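Colleague: any chance you could fold what I've pasted below:
(one chain, ligands or ions: 1)
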Amino acid sequence: MDQLPLLPAGAAPAGASRVRRVRLAGDADFAGFRDAARLLLRDGVAPQDVVWDTGGRPDDLFAAAEAAPSPVGREPEPGAAPRTAPRVTRAFLDAAGAAALHREPGRFRLIYQLLWRMADEPRLLSVASDPDVMRLADLAKAVKRDIHKMHAFVRFRDVPGPDGDAFVAWYEPDHHIVEAAAPFFVKRFASLRWTILTPERSAHWTGAEVLFGPGAAQRDAPEGDPLEELWRSYYASIFNPARLNTDAMRAEMPKRFWKNLPEAALIHDLVATAPARTAAMIEAAPTWPVQRRGAEPPPAPDAGAPDDDPPADLPAIAAAARGCRACPLWEHATQTVPGEGPADARLMVIGEQPGDLEDIAGRPFVGPAGQVFDRALAEAGVGRDRAYVTNAVKHFKFEPRGKRRIHKRPSAGEIHACLPWLERELAAVDPAVVVLLGASAAQAVLGRSVAVTRERGRPFRLADGRWGVIATHPSYILRLQTEDEKRAAFGALVADLRTAAGLLTQDAPGEPSPPA
Ligand code: URA
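Modeller: Prediction:
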């Protein structure tokens, strides 16, 4: 519960008009609204006597014309009954904060009206059929959906410049959500310099902070670029004609978004050729091995949506990852394979992705690569039960060949899409030392491509201060041709694991610089 405290009465100017106009700092100024609402409640100002002005369209044009520009916080109305500030739940604040970003001009009046009523009707919010309560829920839902769409449909274009690449996107949200949506992009693209332009607001990430500015015109955003081509071919490759459901597509990706989506240009052709491609897939269908579905629960209702309130402990992270639809790999995998090991392990080992057996067992490193890994750990003197073992990507990516499923390396996009789960595991376990097995794990954690043979074995500090060691992936060892090559590579893996184990006991190690 959050209390809306009554603020002490200030030296408030008296005004002649009964109607009070509240000027907010902008369309998304919920903090300003809360401050004003406290004062208005204290003064006993009824909802119909307030005009909320965001600098754009006020919530009531006629009242606005009559209202004197009288700030709130003046003397109470003669005879006004001051309200006791209602106690409000987090859920209400969450819904009100979202509804406040709706384009609907009467949104602030609605929220104030609910606060006003709650003073007399403490159980108001539990009356789901109440028109005000329903309206608040509808507005909040629309805004949250708009934020979700923005996260999904912003497409950055690469703009090379003298100081490196910048990434610029043009987007047209339905509501006043730029500030609310920005933290997601900061988290996802922390290492890039990016700008999102919208008609009302712009957001610019400098690498250290987000700056918000006025809106822009679409012509300020660059036209297509090579990244877009890449994205188009990716979209074409993941488009599954057999699952084509144009109604669902329209619902998920409404037409109004199409004009700014590079992949939209493909949709017409992909849809037109879907029946023929489906027929071809049916012909080829027997080559897919039967999936042994385990106890995978159905996806969460808002699966794939970024969380405002991410799970913090390992079982909750694993449960949430099971509903992830942030990339297409879940579709053919048997199940999500989360990490395993002690929740307080000081050593975390990150592989690439589950293999065939891991996909069936639902546990990391239990197949042939896992056996090499176990042997190497044992030779390095580290019990597997002391390490938390996980993967950069939590679903098995493969290509069917006859009855076999052939491992396919995850793309940079798939690694990136899975990164939030790895980051949550890292935050939950909080290891002192992290071993990155192979190029995919190194790419996930370091955010760049890594030449493992050149960079392995040298400890360095990760951005969060932990120790990192890059090591050869056990599957690579299995693929080597000669016994001599295998022996040498296995010896290097053991040495790198020993190095990592040594860091666990090092009190004040030197500061080797991170790999460039
Ligand atoms: N290879 C990996 O990277 N991880 C596994 O879990 C199995 C094989």
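
Colleague: quick check, residue 398 in contact with residue 410.
Modeller: No. Applying C-beta atoms under 8 Å as the test, residue 398 and residue 410 come out as separate, 10.6 Å apart. Backbone N, C-alpha and C define where each C-beta goes, glycine included.

Colleague: between these two, which one's more packed in?
Modeller: Neighbour totals were compared for residue 398 and residue 410, and residue 410 leads with 24 against 20 (other C-beta atoms under 10 Å).

Colleague: tell me the confidence at that one?
Modeller: Note on residue 410: pLDDT of 94.

Colleague: got the phi/psi numbers for it?
Modeller: phi -70, psi 150 (degrees, to the nearest 10).

Colleague: nearest spatial neighbour of it, skipping sequence neighbours?
Modeller: In this structure, residue 410 finds its nearest non-sequential neighbour in residue 393, 4.5 Å apart by C-beta to C-beta, 6 or more residues apart in numbering.

Colleague: residues in contact with that neighbour?
Modeller: 329, 352-353, 410, 414-415, 418, 440, 444 (C-beta atoms under 8 Å, 6 or more residues apart in numbering).

Colleague: let me have those in CSV, adding secondary structure as columns.
Modeller: Below are these laid out as CSV (DSSP: H, G, I helix; E, B strand; the rest coil):
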residue, secondary structure
329, helix
352, coil
353, coil
410, coil
414, helix
415, helix
418, helix
440, helix
444, helix
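
Colleague: which residues does the closest residue to the ligand within the stretch 251-400 of the chain contact?
Modeller: Closest residue of the stretch 251-400 of the chain to the ligand, C-beta to the nearest ligand atom: residue 351 (2.8 Å). Contact analysis of residue 351 by C-beta under 8 Å, 6+ apart lists 364-365, 369, 373, 389-392, 437-438, 440-441, 473.

Colleague: got phi/psi on it?
Modeller: phi -100, psi -160.

Colleague: what's the local residue count around residue 159?
Modeller: As a burial measure, residue 159 scores 15 neighbours (other C-beta under 10 Å).

Colleague: likewise for the one 5 residues further on?
Modeller: For residue 164, the neighbour count with other C-beta under 10 Å is 8.

Colleague: circling back to that earlier point, doesn't the residue nearest to residue 410 fall inside a strand?
Modeller: No. Checked against three-state DSSP, residue 393 lies outside a strand; its state is coil.

Colleague: ok, it to residue 217 distance?
Modeller: 39 Å (C-beta to C-beta, to the nearest Å).

Colleague: quick revisit: list just the nearest of the contacts of residue 393 to residue 487.
Modeller: residue 352 (22.5 Å; C-beta to C-beta).

Colleague: burial measure for that closest one, as a count.
Modeller: 26.

Colleague: correct me, but it touches residue 437?
Modeller: Yes. Using C-beta under 8 Å, residue 352 is in contact with residue 437, at 7.1 Å.

Colleague: pull up the overlap in contacts between those two.
Modeller: residue 473.

Colleague: so which residues on the chain come close to the ligand?
Modeller: Contact residues (C-beta under 6 Å from any ligand atom) of the chain with the ligand: 351-355, 358, 364-365, 367, 369-370, 391, 475.

Colleague: where does confidence bottom out across those?
Modeller: residue 367 (89).

Colleague: wait, it sits on residue 359?
Modeller: No. Counting by C-beta under 8 Å, residue 367 sits too far from residue 359 to count as a contact (9.0 Å).

Colleague: who has more neighbours out of the two?
Modeller: Under the criterion of other C-beta under 10 Å, the comparison of residue 367 against residue 359 puts residue 359 first, with 25 against 21.

Colleague: among the contacts of residue 351, which one has the most neighbours?
Modeller: Most surrounded of the contacts of residue 351: other C-beta under 10 Å gives residue 437, at 31 neighbours.

Colleague: run through the bridge partners of that one.
Modeller: Taking DSSP bridges as the rule, residue 437 bridges to residue 471.

Colleague: per-residue confidence at it, what does it come out as?
Modeller: 98.

Colleague: now residue 515
Modeller: 44.

Colleague: repeat for residue 312
Modeller: Confidence score, pLDDT, at residue 312: 78.

Colleague: ditto for residue 399
Modeller: For residue 399, the model assigns a pLDDT of 89.

Colleague: could I get the contacting residues of residue 432?
Modeller: 346-347, 466-467, 503-504.

Colleague: what of residue 119?
Modeller: Taking C-beta under 8 Å, 6+ apart, one finds 41, 83-86 in contact with residue 119.

Colleague: in strands, which of those residues fall?
Modeller: Judged by DSSP state E, strands contain none of the contacts of residue 119.

Colleague: mind putting the residues you listed into a markdown table with pLDDT, distance to residue 167 and neighbour count?
Modeller: Shown next, in a markdown table, are the contacts of residue 119 (pLDDT from 0 to 100; distance: C-beta to C-beta, whole Å; neighbours: other C-beta atoms under 10 Å):
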| residue | pLDDT | distance to residue 167 | neighbour count |
| --- | --- | --- | --- |
| 41 | 92 | 45 | 22 |
| 83 | 72 | 48 | 20 |
| 84 | 72 | 50 | 13 |
| 85 | 72 | 45 | 18 |
| 86 | 80 | 44 | 20 |
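
Colleague: among those residues, name the ones in helices.
Modeller: Among these, the members found in helices (DSSP state H) are residue 41.

Colleague: can you pull the contacts of residue 430?
Modeller: residue 344.

Colleague: and it, its phi and psi?
Modeller: Per degrees, to the nearest 10, the backbone of residue 430 is at phi 60, psi 60.

Colleague: measure it to the ligand for me?
Modeller: With distances taken as C-beta to the nearest ligand atom, to the nearest Å, residue 430 is found 22 Å from the ligand.

Colleague: domains in the protein, by residue range?
Modeller: The chain breaks down into these domains under automatic domain parsing: 20-147, 154-220, 227-283, 314-503.

Colleague: who touches residue 354 in this structure?
Modeller: By C-beta under 8 Å, 6+ apart, the contact list for residue 354 reads 333, 337, 364, 391, 394-396.

Colleague: just give me the closest of the residues you listed to residue 116.
Modeller: Closest to residue 116, out of all of the contacts of residue 354 and judged by C-beta to C-beta, is residue 394, at 47.9 Å.

Colleague: state the number of residues packed around the closest one.
Modeller: There are 26 residues near residue 394, going by other C-beta under 10 Å.

Colleague: contacting residues around it?
Modeller: Counted by C-beta under 8 Å, 6+ apart, residue 394 has contacts 321, 324, 336-338, 353-354, 418, 421.
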